[in-house]
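Asker: Fold the following and give me the result.
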Amino acid sequence: MDIEKNENEYRNFIHDFIDKDIAPGGRYEGMEVHTRFPPEPNGYLHIGHCKALCIDFGTAEKYGGKCNLRFDDTNPAKEDTEFVDAIQEDIRWLGFDWGDRMFYGSDYFEQTYQFAVELIKKGLAYVCELSPEEFKEYRGDVGVPARSPYRDRPIVESIALFEKMKNGEVAEGKMTLRAKIDLASGNFNMRDPVLYRIRFIEHHRQGTKWCVFPMYDFAHPIQDALEGITHSLCSLEYEAHRHL
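Answerer: Residues are numbered from 1 along each chain as shown. Below you'll find the model as predicted:
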């Protein structure tokens with residue numbers, strides 16, 4: 001009785017929805033719970049990271065599952081191998097281990113790029129030439145739809161321009177790749193969000209191979225899918241991004 005009471009005291013809403021997922025008839029019935037901890041290697045871990053990794057690794061441990069360590073290195077501006085090493089050391093110090101499942105977001109750059117090309121071919125993404133200043137101007141407001149004069153650009157044209165972006169033939173900030181979703185959405189994350197931007201900067205692992213980099217909201221779910229993650233646990237600031 002005491003053991004059962006103690007178990008209930010430490011339950012939370014995460015355990016509740018995982019229990020439903022793996023129960024008979026649930027969407028992950030018979031599957032192993034698989035989470036991931038995706039820190040960006042641009043600094044040392046802080047208390048928020050520690051809370052997140054304890055939830056990610058601890059939840060997998062509770063259910064006898066697995067947790068991947070995946071470094072979110074899709075934005076190379078401040079990323080460094082020094083932080084990669086420090087993060088690994090701190091996770092182990094907290095008592096967790098990822099086994100042989102350490103990955104980098106950059107491991108998936110080629111696949112992510114091909115998925116973006118596929119979206120263009122399906123008419124679900126387009127190359128936009130709005131400058132950052134114009135992007136804000138055309139974003140609209142509550143009740144006022146956003147606008148982009150490039151939204152109906154021919155598919156073949158967007159494919160050609162995206163190829164030029166990848167090849168370094170377009171100036172930084174000149175073009176972005178945007179998803180074609182809903183310019184009137186009350187959730188501004190759905191108003192044709194940027195999927196790719198141009199950055200002429202050396203990547204800590206890829207060097208200068210890439211000059212287009214995927215946005216986190218685009219790359220993150222693709223990476224989860226490729227790794228077979230069953231539960232992508234995020235903090236509340238990402239709640240409005242989940243729809244995308």
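
Asker: what about the residue nearest the centre of the chain, which SS state?
Answerer: By Cα atoms, centre = their mean, the chain has its centre lying nearest to His220, at 2.0 Å. The local conformation at His220, judged by DSSP: H, G, I helix; E, B strand; the rest coil, is helix.

Asker: which residues touch the nearest residue to it once chain neighbours are set aside?
Answerer: Of all residues not flanking His220 in the chain, Pro38 sits nearest, at 7.1 Å (Cβ to Cβ, 6 or more residues apart in numbering). The C-beta positions use only the backbone N, C-alpha and C, and glycine is treated the same way. By Cβ atoms under 8 Å, 6 or more residues apart in numbering, the residues touching Pro38 are Arg70, Phe71, Asp72, Gly105, His220, Gln223.

Asker: again, only this time at 10 Å
Answerer: 52-53, 56, 68-73, 103, 105, 216, 219-220, 223-224, 229, 232, 234 (Cβ atoms under 10 Å, 6 or more residues apart in numbering).

Asker: Tell me the buried residues in the longest helix seen in the chain?
Answerer: Using DSSP state H, we find that the single longest helix of the chain is helix 47-62. Going by neighbour count (16 or more other Cβ atoms under 10 Å), the buried part of helix 47-62 is His49, Ala52, Leu53, Cys54, Ile55, Asp56, Phe57, Gly58, Thr59, Ala60, Glu61.

Asker: Looking at those, which is nearest Met31?
Answerer: The nearest member of the buried residues of helix 47-62 to Met31, counting by Cβ to Cβ, is Ala60 at 12.6 Å.

Asker: what residues are up against that closest one?
Answerer: 32-37, 66-68, 96, 98, 230-231, 233.

Asker: Of the residues you listed, which is the nearest to Glu129?
Answerer: Arg36 (35.1 Å).

Asker: neighbouring contacts of whatever helix or strand the closest one lives in?
Answerer: Using DSSP states H and E, the element containing Arg36 is strand 34-37. Strand 34-37 has contacts (Cβ under 10 Å, 6+ apart) with 14, 18, 28, 49, 52-61, 63, 65-72, 87, 91, 96, 98, 101, 103, 220, 223-224, 227-233.
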